[in-house]
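Novice: Output the structure for:
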Amino acid sequence: MSFRTPHPLHPLILDDVRGAQKMLSGVARVTAMEGSRYLSSLVGAPVHLKCENLQRTGSFKLRGAYVRISGLRSEQRAAGVVAASAGNHAQGVALASALLGVRSTVFMPVGAPLPKVAATREYGAEVRLHGHVVDETLAAAEEYAARTGAVFIHPFDHPDIIAGQGTVGLEILEQCPEVRTILVGVGGGGLVAGIGLAVKSVRPDVRVIGVQAAGAAAYPPSLAAGHPVAIESPATMADGIKVGRPGDVPFALVQEYVDDVVTVSEDALSSALLLCLERAKLVVEPAGASPVAALLSDPAAFQGPVVAVLSGGNVDPLLMQRILRHGMAAGGRYLSLRLRVTDRPGALATLLAVLTVVDANVLDVSHVRTDPRLGLTEAEVELHLETKGPEHCAEVRTALRDAGYVVLD
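Specialist: A predicted model of the protein is given here:
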């Protein structure tokens with residue numbers, strides 16, 4: 001086929017991605033493509049999961065980092081490389097540098113999860129903790145590069161990075177040639193830009209859809225304005241796509257090759273992570289679960305077969321615990337309520353017996369006896385229950401009311 005004329009902001013063509021694929025042979029894994037019966041039944045067409053969470057270092061980031069560092073001149077390699085990241089990019093740069101024999105320094109925020117800091121060190125990087133927000137960490141890394149001559153490795157805003165990430169798109173076409181829609185999580189845009197370039201250059205009929213967290217969605221206003229627009233204070237549990245401004249290089253590619261960018265809520269993200277864990281038996285971080293969140297939010301919107309790219313699986317265990325609770329609550333699997341009981345011996349046992357009949361698991365219970373709103377013989381009980389879903393929650397409330405209890409909320 002003939003290639004298009006390179007855009008001045010992104011001198012990339014399909015051959016660049018194919019060259020990156022050859023370079024990554026034996027370095028990056030060709031990750032598995034797993035079918036999902038549950039999501040397929042929801043969408044009404046085959047849904048496949050591209051498992052980049054099973055990539056070396058736990059995310060796709062190794063691909064771009066290796067291609068970028070491989071392209072450095074000998075004198076640049078001798079000066080070393082530096083990066084700033086709270087997680088996935090840090091580990092990708094660390095491993096790529098170690099494989100290529102290049103010294104690496106990675107700046108990470110002071111509050112970065114300890115497992116990610118430890119993994120980055122174990123891959124061979126010198127880790128320096130600086131700043132409490134990513135902007136401070138980034139500034140420190142750039143100052144280090146200017147002072148030492150080390151080459152700054154940007155997480156998404158460089159053609160070599162994008163070419164490396166685009167190899168995911170080539171693998172998708174090889175593993176699922178019948179694909180009609182590809183869903184990709186979007187932060188700065190390097191992954192979706194690379195996949196869009198690779199896929200659309202071969203199969204322009206395939207729709208490539210980006211997915212952003214609603215609280216950190218810089219691409220929709222940027223695409224509407226026709227240029228990258230920064231948003232203030234992006235907020236989402238999905239740290240991997242928590243980026244306040246699109247990169248200039250990926251933005252130009254997204255304009256040209258990506259069909260749409262949709263947003264998903266925090267509830268959808270946590271529900272998607274829980275689904276990946278329970279149904280697919282895959283540990284996926286919130287950013288990696290964003291394509292699944294889009295499918296859960298609007299399953300009829302995407303023509304199948306669909307491939308959802310699970311971009312990473314590096315999630316701190318403590319964050320995972322909180323997200324799973326959030327996901328269970330969003331899915332109606334937790335129920336919290338208050339009710340009034342008569343303050344007498346055996347009253348709590350009677351209440352718990354009602355819950356036993358409807359098979360609700362009590363996680364926590366607390367009493368309030370001294371409140372001016374309560375009568376002399378009344379007590380208020382707060383319950384936290386594990387349930388089987390929204391219908392079961394309704395069944396529990398009905399059983400309590402039928403037993404004569406006043407359910408307050």
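
Novice: hey, where'd the strands end up in the stretch 101-250 of the chain?
Specialist: 104-108, 126-129, 151-152, 181-185, 207-213 (DSSP state E, counting those that start in this stretch).

Novice: Can you get me a residue count around the closest residue to Val27 other than its chain neighbours?
Specialist: Computed as CB to CB, 6 or more residues apart in numbering, the closest residue to Val27 that is not its neighbour in sequence is Tyr66, at 5.6 Å. (Each C-beta comes from the backbone N, C-alpha and C, glycine too.) If you count neighbours by other CB atoms under 10 Å, Tyr66 ends up with 26.

Novice: try Lys200
Specialist: With other CB under 10 Å as criterion, Lys200 counts 21.

Novice: Quick check: nearest residue in space to it, chain neighbours excluded?
Specialist: Lys200 sits nearest to Tyr257 (CB to CB, 6+ apart), 4.5 Å away.

Novice: what's that neighbour sitting at in phi/psi?
Specialist: Backbone torsions of Tyr257, given as degrees, to the nearest 10, read phi -120, psi -10.

Novice: quick one: it and Ala193, what's the gap?
Specialist: 7 Å (CB to CB, to the nearest Å).

Novice: If you count surrounding residues, which of those two has more?
Specialist: It is Ala193, of Tyr257 and Ala193, that has more neighbours when counted by other CB under 10 Å, with 37 against 21.

Novice: My read is that that one contacts Val249, right?
Specialist: Yes: contact criterion CB atoms under 8 Å: Ala193 and Val249 qualify, at 7.5 Å.

Novice: my guess is Ser366 is in a strand, correct?
Specialist: Yes: under DSSP: H, G, I helix; E, B strand; the rest coil, Ser366 sits within a strand.

Novice: Excluding sequence neighbours, find me the nearest residue to it.
Specialist: Glu382 (4.8 Å).

Novice: dump the residue contacts of Met108.
Specialist: 84-86, 90, 116-117, 120, 127-130, 137 (CB atoms under 8 Å, 6 or more residues apart in numbering).

Novice: May I have the beta-bridge partners of it?
Specialist: Leu129 (DSSP bridges).

Novice: how far away is it from Val134?
Specialist: Where Val134 is concerned, Met108 sits at a distance of 9 Å (CB to CB).

Novice: quick one: contacts for Glu266?
Specialist: 213-215, 236-237, 326 are the contacts of Glu266 under CB under 8 Å, 6+ apart.

Novice: and what of Pro291?
Specialist: 183-185, 211, 308-310.

Novice: Repeat the analysis, applying 6 Å as the threshold.
Specialist: Pro291 sits next to 183, 211, 308-309 when contact means CB atoms under 6 Å, 6 or more residues apart in numbering.

Novice: ditto for Val262
Specialist: 211, 294.

Novice: residues near Asp359, how many?
Specialist: A total of 11 residues lie near Asp359 under the criterion other CB under 10 Å.

Novice: helix, strand or coil for it?
Specialist: With three-state DSSP as the criterion, Asp359 reads coil.

Novice: And it, how close does it get to Thr387?
Specialist: 9 Å.

Novice: repeat for Glu143
Specialist: Counting by CB to CB, the gap from Glu143 to Thr387 is 52 Å.

Novice: again with Asp260
Specialist: Distance from Asp260 to Thr387, by CB to CB: 36 Å.

Novice: pLDDT weak spots in the stretch 251-400 of the chain?
Specialist: 327, 330-331, 343, 367-377 (pLDDT under 70).
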